[in-house]
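> Using only what follows, build the 3D model:
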Amino acid sequence: QVQLNESGGGLVQAGGSLRLSCAAATRTFANYVVGWFRQAPDKEREHVAGISRGGTSTYYTDSVKGRFTISRDNTKNTVYLQMNSLKPEDTAVYYCAAVAGAGGISYVPRKKYDYWGQGTQVTVSS
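Coordinates of the predicted model:
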């Protein structure tokens, strides 16, 4: 069992930045692919970014490329999502998720993720 805890959400003006953190309670964090997802009201959960076990491979959905950066520190069991140039359409609840995976894999379909955090709200005002 892997417990995930997101933090760092909040209210920010358009053009601003936030850094989300996803802390994992497990000693084998380096064995897991981690993804960030978001869900806006009345919309499906969207896969925003992903990072491989060692952090050498990353995935981004097109709408956040060049603005968001995913990274991880396996010594701290934490994955980060740096979000810059935020837009009102980025407003959503952001979730991190983890799944045991092979090295070098940064994209895993949403339904394959085994563990999810409780989410953190990000609100971008215009």
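> Can you list phi and psi of the residue nearest the centre of the chain for me?
Closest residue to the average C-alpha location of the chain: residue 36 at 2.3 Å, with Cα atoms, centre = their mean. Residue 36 adopts backbone torsions of phi -110, psi 140, taken as degrees, to the nearest 10.
> Bridged to it, which residues?
Beta bridges link residue 36 to residue 49, residue 96 when assigned by DSSP bridges.
> where's it relative to residue 94, distance?
Note on residue 36: its distance to residue 94, by Cβ to Cβ, to the nearest Å, is 6 Å. Placement of C-beta: from N, CA and C, glycine included.
> cool, residue 124 as well?
The value you get for residue 124 to residue 94, if Cβ to Cβ is used, is 12 Å.
> which one of these two has more residues nearby?
residue 94 (24 against 20; other Cβ atoms under 10 Å).
> Excluding chain neighbours, what is closest to that one?
Counting by Cβ to Cβ, 6 or more residues apart in numbering, residue 94 lies nearest to residue 38, which is 4.8 Å off, once chain neighbours are set aside.
> wait, isn't the one you found in contact with residue 96?
No - with contacts counted by Cβ atoms under 8 Å, residue 38 stays clear of residue 96, the gap being 10.4 Å.
> So for these two, which residue has more residues nearby?
A count of neighbours by other Cβ under 10 Å puts residue 96 above the other of residue 38 and residue 96, at 30 against 23.
> sorry, back to before: and the residue nearest to residue 94, how close does it get to residue 27?
28 Å.
> before we move on, what about residue 89?
38 Å.
> follow-up on the earlier one: how much space separates the residue nearest to the centre of the chain from residue 27?
22 Å.
> if we look at the host helix or strand of residue 82, which residues are touching it?
Applying DSSP states H and E as the criterion places residue 82 in strand 78-83. Contacts with strand 78-83, where a contact means Cβ atoms under 8 Å, 6 or more residues apart in numbering, come from 17-24, 34, 36, 48-49, 51, 64, 67-73, 90, 94, 96, 122.
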